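Asker: quick one: sequence and predicted model below, then my questions.
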Amino acid sequence: MAIQQSLPAVPLDIFELIIGTLASSSDLASIKSLCLANTSLVHLCRKEIFGTLEIKPKSWPDRPIEQFMPIYFARQTIASYIRDLRLWVEFHDHKSLDVAVSLLGSRHLKNVRSFQLGFKEDLSFSPTRKEMTAIPDQFVNALCKFITTNSIERLELWQINGFPITLFNYLPHLRELLLYNVGFAQTHVPNFLRKRSTCVPRLRELHLKRNISSALLDILNQKIPVLDLGHLEDLMIYLEDEYGKEMLNTRLFSTPQTLKKIIVGGTSPQLERLKHFAENIHPKSLRTLQTLSFSVLLEKSGQDPLASIIDELTAISGQTTLENLLLSIAIDWDIRCPVTADVWGRLESVLVPQGSFPALKRVTIGITITQYESRDHEEFKAQLEDIGRNYLTKLDKAVDLTIEVGVTIIRQAEMY
């Protein structure tokens, strides 16, 4: 095939759209063919091929790190194409560490907007966090240099304890933050860092999972603020600890004034500990709130699936512009929850009265049953599917009501 040097008379943005579509469908073969067909398209193709880079340790079978190493060390300029960088590092894996240090310290890596950093010792999500004090200095220095060189807008941190909270002072463009099992420390950053920004990062999205109370206390109790939570639009909390509920109820929910979406998840008792959080939502956020989502795990038979949800909805009734209500209920192995009018009828009594939720358009209830292969579940499943017909007829007429019931079967062999 003859390689063309110039493009035909077609706008460049059309080619960019075509290449983007091919990349979204992971059609790398077609993108490679475009590179070979016309050298003028090489730059656009590289932007898609290397736009997102995830580096995993060699112990991970799906994408061992050896696949990337020869490419990167042969042509380090490909780092300039990376917009989304995801690093999973094992420090006993020297190749993983070498690539991470080399990449983070590269002078070509300067266009990253989304960064994910996680430390894992194996394939499972261990509750153990990696201590920053145990991380080699060359990695910490490379990380700090990377932070100050790029305009990070989205940051994910996984399984880290002692992450320098002062690094947020060098992330003025940060808008989205996800913390999974993360602890902070007042550690001093390296002296070579440029002067800290005077602009406090104004977050739009905050996602918190596992050990969230200690991380939040560290953020909220800073004498000099490191994060501005007053303009949050999306707030997601998955409860996995029981401490600091008062702080969660008051300071976290009362600070943002522009919330559009709130997602709260956990077991039924955990959500009970967060009871009455809706009372503390800032009045301005009640007028901007569009979506409220609850994710509940039932671990014991007889637990009320709506125990805390009804109280929260009652607290904001008549005060909010809520449009979408999503209830996700997971029912653990061989557990049965009540399917009666006195339980499910409460949802209708809170949502339907005139003026209670005047902007409400959609209510979606998703229920997942986990069941042993040998046990019968059809009757229970049918009862849940009939909740709308039996107990929520008025709600079904007032809004777009969707109820979906799924079953996850655990086979005997999977138990061992």
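Answerer: Looks like it came in fine.

Asker: all strands for the chain, in order.
Answerer: Taking DSSP state E as the criterion, the chain carries its strands at 52-55, 84-89, 114-119, 130-131, 154-164, 176-185, 205-209, 234-238, 261-267, 291-298, 324-331, 362-372, 400-410.

Asker: redo these as TSV? Include distance to T39.
Answerer: Just so you know, the C-beta spots here come from the backbone N, C-alpha and C atoms, and that holds for glycine as well. Formatted as TSV, those follow (distance: least, Cβ to Cβ, whole Å):
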stretch	distance to T39
strand 52-55	23
strand 84-89	26
strand 114-119	29
strand 130-131	44
strand 154-164	33
strand 176-185	36
strand 205-209	40
strand 234-238	42
strand 261-267	45
strand 291-298	47
strand 324-331	48
strand 362-372	50
strand 400-410	50
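
Asker: and the contacts of stretch 281-301?
Answerer: 238, 253-268, 271, 305, 308-309, 312, 316, 319-332, 335-337 (Cβ atoms under 8 Å, 6 or more residues apart in numbering).

Asker: look up how far V89 lies from V99.
Answerer: 9 Å (Cβ to Cβ, to the nearest Å).

Asker: mean neighbour count, mean pLDDT and distance to N280 for the strands of the chain - can I get that in CSV?
Answerer: Formatted as CSV, the strands of the chain follow (neighbours: other Cβ atoms under 10 Å; pLDDT from 0 to 100; distance: least, Cβ to Cβ, whole Å):
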stretch, mean neighbour count, mean pLDDT, distance to N280
strand 52-55, 17, 82, 38
strand 84-89, 20, 87, 35
strand 114-119, 20, 91, 31
strand 130-131, 18, 84, 34
strand 154-164, 20, 92, 26
strand 176-185, 21, 92, 21
strand 205-209, 19, 93, 16
strand 234-238, 19, 92, 12
strand 261-267, 20, 90, 12
strand 291-298, 20, 94, 14
strand 324-331, 20, 95, 19
strand 362-372, 18, 91, 24
strand 400-410, 14, 88, 29
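
Asker: quick one: which of these is nearest V350?
Answerer: Each of these was scored for nearness to V350 using Cβ to Cβ, and the closest is strand 324-331 (10.2 Å).

Asker: give me the helices and strands touching that closest one, please.
Answerer: Where contact means 3 or more Cβ pairs under 8 Å, 6 or more residues apart in numbering; DSSP states H and E, strand 324-331 is packed against strand 291-298, strand 362-372.

Asker: among these, which comes closest to L216?
Answerer: Nearest of these to L216, taken as Cβ to Cβ: strand 291-298 at 19.0 Å.

Asker: just want the angle from the closest one to strand 261-267.
Answerer: Using axes from the mean of the first three to the mean of the last three Cα atoms, to 10 degrees, the direction of strand 291-298 lies 0 degrees away from that of strand 261-267.

Asker: strand 291-298 pairs with which strands?
Answerer: strand 261-267 (parallel), strand 324-331 (parallel) (DSSP bridges).

Asker: rebuild these as a markdown table, extending it with distance to E156.
Answerer: Putting those into a markdown table (distance: least, Cβ to Cβ, whole Å) gives the following:
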| stretch | distance to E156 |
| --- | --- |
| strand 261-267 | 16 |
| strand 324-331 | 22 |
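
Asker: could you dump the helices and strands packed on strand 324-331 to JSON lines with distance to A382?
Answerer: Output for the helices and strands packed on strand 324-331, formatted as JSON lines (distance: least, Cβ to Cβ, whole Å):
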{"stretch": "strand 291-298", "distance to A382": "18"}
{"stretch": "strand 362-372", "distance to A382": "11"}
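
Asker: nearest to F277, out of the ones you listed?
Answerer: Among those, the nearest to F277 by Cβ to Cβ is strand 291-298 (11.0 Å).

Asker: start and end of stretch 389-400, how far apart?
Answerer: Taking Cα to Cα, to the nearest Å, stretch 389-400 runs 14 Å from one end to the other.

Asker: again, but for stretch 298-309
Answerer: Counting by Cα to Cα, you get 13 Å between the two ends of stretch 298-309.

Asker: just how off-centre is it within its chain?
Answerer: 25 Å (Cα atoms, centre = their mean, to the nearest Å).

Asker: re the thing from before, the helices and strands packed on strand 324-331: which one's closest to I18?
Answerer: Set against I18 and scored by Cβ to Cβ, the helices and strands packed on strand 324-331 come closest in strand 291-298, at 33.8 Å.

Asker: quick check: angle from the closest one to strand 234-238?
Answerer: Going by the same axes, to 10 degrees, strand 291-298 makes 10 degrees with strand 234-238.

Asker: chain center to strand 291-298: distance?
Answerer: On Cα atoms, centre = their mean, the centre of strand 291-298 falls 15 Å from the chain's centre.

Asker: now do that strand against strand 362-372, angle only.
Answerer: Counting by the same axes, to 10 degrees, strand 291-298 points 20 degrees away from the direction of strand 362-372.

Asker: please name the bridge partners of G183.
Answerer: Beta bridges link G183 to N161, judged by DSSP bridges.

Asker: ok, it - contacts?
Answerer: Counting by Cβ under 8 Å, 6+ apart, G183 makes contact with R129, I160, N161, G162, F163, N211, S214, A215, D218.

Asker: for A330, see how far away L174 is.
Answerer: Going from L174 to A330 by Cβ to Cβ gives 32 Å.

Asker: for S214, same thing?
Answerer: In terms of Cβ to Cβ, S214 sits 26 Å off from A330.

Asker: go on, E404?
Answerer: Per Cβ to Cβ, E404 is found 13 Å from A330.
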